[in-house]
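Participant: kindly return the folded structure for what I paste below:
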Amino acid sequence: MSVEPLIAVTLAGSAAIVLVLALRIPLRRRLGAGAAYALWAMVPLASVAAALPSAGTRISLPPIAVPDLVATNAATATATVSAIDALPTWFALWLAGCLATMLLQVMQQRHFLRRSGARLRRGRLYAAVTGPCVSGLLHPVILLPADFRERFDRRERRLVLAHEIAHLRSGDLFVNALAALLRALFWFNPLLHVAQQSFRLDQELACDARVLARFPEARRRYAGAMLKAQLGGAASMEGPGPLGCGWFATHPLKERISMLNNSISVGRRRIGFVAAALLATAATGLAWAAKPGTPAVTASAAADAAYVDARFTLRIGDGAEQRFRMVNRFGEPFLATVSDDAGSNWEAHFVATAADAGSIRLSAKLSRNGAAVAAPELLLHDGENGGVKVDAAAGQPALALDVVLQRSVKPPQG
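Facilitator: Down below sits the predicted model:
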């Protein structure tokens, strides 16, 4: 298990974040807030592209056996998959960080909902000590401050509700869930956490733009509602949780109000979405193309490496390890036989084939006393370690087989 794929994905995501942070403001001013918000799709797309195999990259399965069970006459032998090497330290640390970050975000979401003191009013509308905002994922709700009717007049209330409904209809809560997942997977990347506030601001500005496109005559009244919402109480300072969108003081009020005066025509908004899509597509393609592939193996070199050098380590039950080595041509079967302390005779038939320029496929058929036990298959890189484990059946010992495969230009002499 290698750390290189995680590093490649992290670098691609970080480069995408830097590019978005550099382009979001000029794109927003010229082509609208929706275009700047859409540009954030570049981050997950570039990360996924960096995780995909590129041209020349070799693909291999982990060094484990995939057993094909065959029933014996009286007792059925069971083969299980076992990984030979323990999980590397970096993977354990990464996984611990992921779980800790996910747990922290769950606690933040629960703390926000508990602090809001939400009480059902009707449908999805809840009275709360905070808001206005939407929160949740599978069953999202709209939280309105308890003094909603007193703080806002009728037209302002209509605009506030239109804003929250726009969040729901555009799927912003699912986008926030994806952002929370990325922060958990790449918890060690400070750029993701730094970019969070800019992402949330662009989300709110895009939602403002959608509402004003519906109510173009209400800019002044919308600005007044925005001011009342953000200055409505100290509870609004902490934000709506990882799975929420709201009119909170964490969003710069001056910048939001100034954007209300930035009138963007429908045509320019459409051009903005097209530009954002093209930029995201280009960045995704670059992230995929920039992945280093495995150096190509020339046809002559592949022809020269006509042999496979197989080194086996075998343990049956509690017996001592037995080591043996076989060098055969690719495609030629070879046989290993061994007896255990219980008097059972084991046979292992192997065939090694060149899967591609960088990996070897080993097919095996294991039998005990002439009865088939398992037919595992391994796909390994040159020099990579793999293993097969056959669990103990009634009255029979277990078998563990480790193997290392290496291409060889010619068989050993002598």
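
Participant: name the next helix or strand downstream of the worst-scoring helix or strand of the chain on mean pLDDT, please.
Facilitator: Ranked by mean pLDDT, DSSP states H and E, the helix or strand of the chain with the weakest confidence is strand 79-80, at a mean of 35. Following strand 79-80 in sequence order, the next helix or strand is helix 89-116 (DSSP states H and E).

Participant: counting contacts, what elements does that next one pack onto?
Facilitator: Helix 89-116 is packed against strand 133-135, helix 172-185, with contacts defined by 3 or more C-beta pairs under 8 Å, 6 or more residues apart in numbering; DSSP states H and E. Every C-beta, even on glycine, is put in place using the N, C-alpha and C of the backbone.

Participant: which stretches of this structure have low pLDDT?
Facilitator: For the chain, residues meeting the criterion pLDDT under 70 lie at 1-2, 53-87, 232-239, 248-253, 291-305, 342, 356-358, 392-395, 409-414.

Participant: domain map for it?
Facilitator: Under the assignment automatic domain parsing, the domains of the chain span 4-59+88-103+149-289, 299-408.

Participant: please identify the most buried of the helices and strands packed on helix 89-116.
Facilitator: Burial of these is given as mean neighbour count (mean count of other C-beta atoms under 10 Å); strand 133-135 ranks first at a mean of 26.

Participant: quick check: neighbours of that strand in the sheet, parallel or antiparallel?
Facilitator: Sheet pairing of strand 133-135 (DSSP bridges) gives strand 141-145 (antiparallel), strand 244-246 (antiparallel).

Participant: and for the first one, what's in contact with it?
Facilitator: Defining contact as C-beta atoms under 8 Å, 6 or more residues apart in numbering, one finds that strand 141-145 is touched by 116, 118, 121, 124-135, 151, 160-161, 164-165, 168, 232-233, 246.

Participant: got the CA coordinates for the strand or helix carrying Ile271 in CSV?
Facilitator: For Ile271, the element it lies in under DSSP H and E is helix 266-289. Output of helix 266-289 as CSV, limited to C-alpha atoms (Å, rounded to 0.1, in the frame of the first residue of the first chain):
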residue,chain,number,x,y,z
VAL,A,266,-28.7,36.8,-18.2
GLY,A,267,-26.4,36.4,-21.2
ARG,A,268,-23.3,37.1,-19.1
ARG,A,269,-24.4,34.8,-16.3
ARG,A,270,-24.8,32.0,-18.9
ILE,A,271,-21.3,32.8,-20.3
GLY,A,272,-20.1,32.6,-16.7
PHE,A,273,-21.4,29.1,-16.2
VAL,A,274,-19.9,28.0,-19.4
ALA,A,275,-16.5,29.5,-18.5
ALA,A,276,-16.6,27.9,-15.1
ALA,A,277,-17.4,24.5,-16.7
LEU,A,278,-14.6,24.9,-19.2
LEU,A,279,-12.1,25.9,-16.5
ALA,A,280,-13.1,23.0,-14.3
THR,A,281,-12.9,20.6,-17.2
ALA,A,282,-9.5,21.9,-18.2
ALA,A,283,-8.2,21.6,-14.7
THR,A,284,-9.5,18.1,-14.4
GLY,A,285,-7.8,17.0,-17.6
LEU,A,286,-4.5,18.6,-16.5
ALA,A,287,-4.7,16.8,-13.1
TRP,A,288,-5.2,13.5,-14.9
ALA,A,289,-2.6,14.1,-17.5
